[in-house]
Structure formats: C-alpha cells, structure tokens
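Visitor: kindly return the folded structure for what I paste below:
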Amino acid sequence: MAKPLSASKMVEILRAEGLTVHEVRSWRTHNRNSKGPWGPVNGVMIHHTVTKGTEASVNICYNGYSGLPGPLCHGVIDKKGHVHLVGNGRANHAGLGDSDVLRAVINESKLPHDNEADADGNARFYGFECINLGDGKDPWPEAQKEAIEKVSAAICRHHGWSERSVIGHKEWQPGKTDPRGFTMDGMRKRIAQRLKGGGGGEPTPDPKPAPKPTYEPFPGSGFFHIGQKSPVITAMGRRLVAEGCGRYEEGPSPEWTEADRRSYAAWQHKLGFKGKDADGIPGKVSWDKLKVPNV
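Guide: This is a model prediction of the structure:
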C-alpha cells in the first residue's frame, strides 16, 4: 500500500520517463474524493476507451457522461503515445472488482480469475484509458503501447512495485474485456524489462559494441545501518524492485530504512536463504547475485 502521488509528482515522474504529458484544464483538483476514499493505492489499471479521436476521448474522460460523472480515469493515452492528465484523486474507472485479485496485486503474486465484485477499485488503482475502439480490429500503434509501458513503469518505480502491480480492467471486474488487442502478460513483460533498465518494446542492442556492465562491489555488512545514506542504497533498491522483491511504500531512496531490510530479506528468501542468512542485511553472496549497477 502506498500514499497516492501528488499532481506535481505525477507530472514529474511521467516526463522523467520520456513521455509527452498534457495537463487538461483543472485536472489537478478534478476528482471524486467527495464520494469515497482515494488511497492507499496498490496498482495501475489499464483500460480502452471504446472511442476514437483524441479530443473527443479526452473530453469524455474528463467530463464523464450521464450516470457516470468524470473524471473517468487519471490519464488518457492517445495513439501517438501522448498522455493527457484528466484527474487527480478518486476517479470513476475501476468500479467494484474481485478482492482476491486486489490481494494478489498487493502481494504481487499470480492473479486469480476474477469472479466477484466486492472491492472498491476506484480507491486503490491509478487508471489510464487508452484510445481504442476495443473491437479487436482497431490497431495499437507501437508508440501507444510504449507509452502504456512507460506510464506503468514510472508509477511502479516510484512506489517500489514490480510489474505485477499492473493489471487490465478485464482482470479486475467480471464481464469486462478491456484492454482488447494485446495481452496484459505481454505488457507486464515489457514493464518488467523497463524496470530493469531497458525498454520492453525496443530492439536488443548489438552485443559486440555494448560495454561490459560494471557492478557495485560488496561494501560490507556493516555498511547497512539506520542513518546510512548512499546512492548505492538507491541502486540496490531498484534492483530489488526489478527482481520482484520490493517492499517499499515510497522509494527506493538513498537512506537505508526498514523497507530496504524487508526488501532485501525477500531477495534472500528468493535465493533460498533461511534463518539468520535471510535477516535482510546484505551478505557478499546475495549481493553479488543481485548485480547492483555501479554508481
């Protein structure tokens, strides 16, 4: 669980990911907070609009329609891969969904089949509507899919989540089909690749001219203590998130915290360590396997 992003931080992290961001009207204060809670947040939900045309789609998602007031999401991703921010706070996008799915997202475990509608998704998920008719024929340009990947990775990176915190509406609410035209498993693979430092949809570079990666040497167990601050700790945290072991509400950050210890303990457990060998304090063997990039 995590505290929702502020409007300014949302713009900052999306642009830092290389996205073109448009701020629509009064989106920073446009929400449905008076109708229910907003947060703590647990993930990102992807939809398709069943509309065509950027201006019309953005207007619908900002204003809503009879019986369902806007905002209908937090951002609209157009065919060019631009992100149009239309809401900040609770939005009418997810509706009631399966509490077992929510639990799996929180635990970042395999998603169960959605067969109930007993949990409020509008309080727990960032929502992004992608302009597509959803008929299985309307194409998904690579620029648009790359933008979905970047949006999701930016938010996951900020909160310390893995790609398992990103789901489709069809995986949340029984009877929904969106997004239709690509698989969420495929998109999660792209997001995982980006979180590891690469673009999921980009071609693999030629290995011949690629420089050999360098990694941070093990700084010693005594390095990791409350009060310690170092870019090495940030780099370590990002690798833990990429490995699906992040246990951060916010971050990772340069300061060693209890969240870092819990995350590293998850990494040790993933490697098969137990007892004192999985206490969350890095040791040389687990550190070398983590391959923290040199900073």
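Visitor: so what's the spatially closest residue to residue 268 that is not a sequence neighbour up against?
Guide: Closest residue to residue 268 apart from its sequence neighbours, by CB to CB, 6 or more residues apart in numbering: residue 278 at 3.9 Å. In short, each C-beta sits where N, CA and C put it, glycine included. Counting by CB atoms under 8 Å, 6 or more residues apart in numbering, residue 278 touches 265, 268, 269.
Visitor: just the buried residues of the residues you listed.
Guide: 265, 268 (16 or more other CB atoms under 10 Å).
Visitor: and the residue nearest to residue 268, what's its pLDDT?
Guide: pLDDT, residue 278: 94.
Visitor: if I pick the closest residue in space to residue 231 that isn't next to it in sequence, what's in contact with it?
Guide: Spatially, and ignoring its direct neighbours in sequence, residue 231 is nearest to residue 295 (4.5 Å; CB to CB, 6+ apart). With contact taken as CB under 8 Å, 6+ apart, residue 295 is in contact with 216, 231, 232, 234, 235.
Visitor: give me the below-cutoff pLDDT ranges for the stretch 1-150 of the chain.
Guide: Scanning the stretch 1-150 of the chain with the threshold set as pLDDT under 70 gives 1.
Visitor: can you map out the strands along it?
Guide: Listed in chain order, the strands of the stretch 1-150 of the chain (DSSP state E, counting those that start in this stretch) span 21-23, 43-48, 64-65, 68-69, 75-77, 83-85, 96-97, 119-120, 125-130.
Visitor: next up, the contacts around the residue nearest to the spatial centre of the chain.
Guide: Closest residue to the average C-alpha location of the chain: residue 156 at 3.0 Å, with CA atoms, centre = their mean. Applying CB under 8 Å, 6+ apart to residue 156 gives the contacts 44, 162, 163, 165, 166, 191, 195, 241.
Visitor: same check, this time on residue 71
Guide: Counting by CB under 8 Å, 6+ apart, residue 71 touches 27, 30, 31, 32, 61, 62, 64, 86, 87, 91, 92, 93.
Visitor: could you check how far it is from residue 127?
Guide: 9 Å (CB to CB, to the nearest Å).
Visitor: overlap in contacts of those two?
Guide: Listed as contacting both residue 71 and residue 127 by CB under 8 Å, 6+ apart are 91, 93.
Visitor: in CSV: the contacts of residue 278, plus distance to residue 49 and pLDDT.
Guide: Formatted as CSV, those follow (distance: CB to CB, whole Å; pLDDT from 0 to 100):
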residue, distance to residue 49, pLDDT
265, 42, 95
268, 44, 95
269, 41, 94
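Visitor: closest one of the contacts of residue 278 to residue 4?
Guide: Nearest to residue 4 among those is residue 265, at 26.7 Å by CB to CB.
Visitor: which helix or strand contains the closest one?
Guide: helix 258-271 (DSSP states H and E).
Visitor: and the following helix or strand past that helix, average pLDDT?
Guide: Using DSSP H and E, the next helix or strand after helix 258-271 towards the C-terminus is helix 284-290. Mean pLDDT, helix 284-290: 95.
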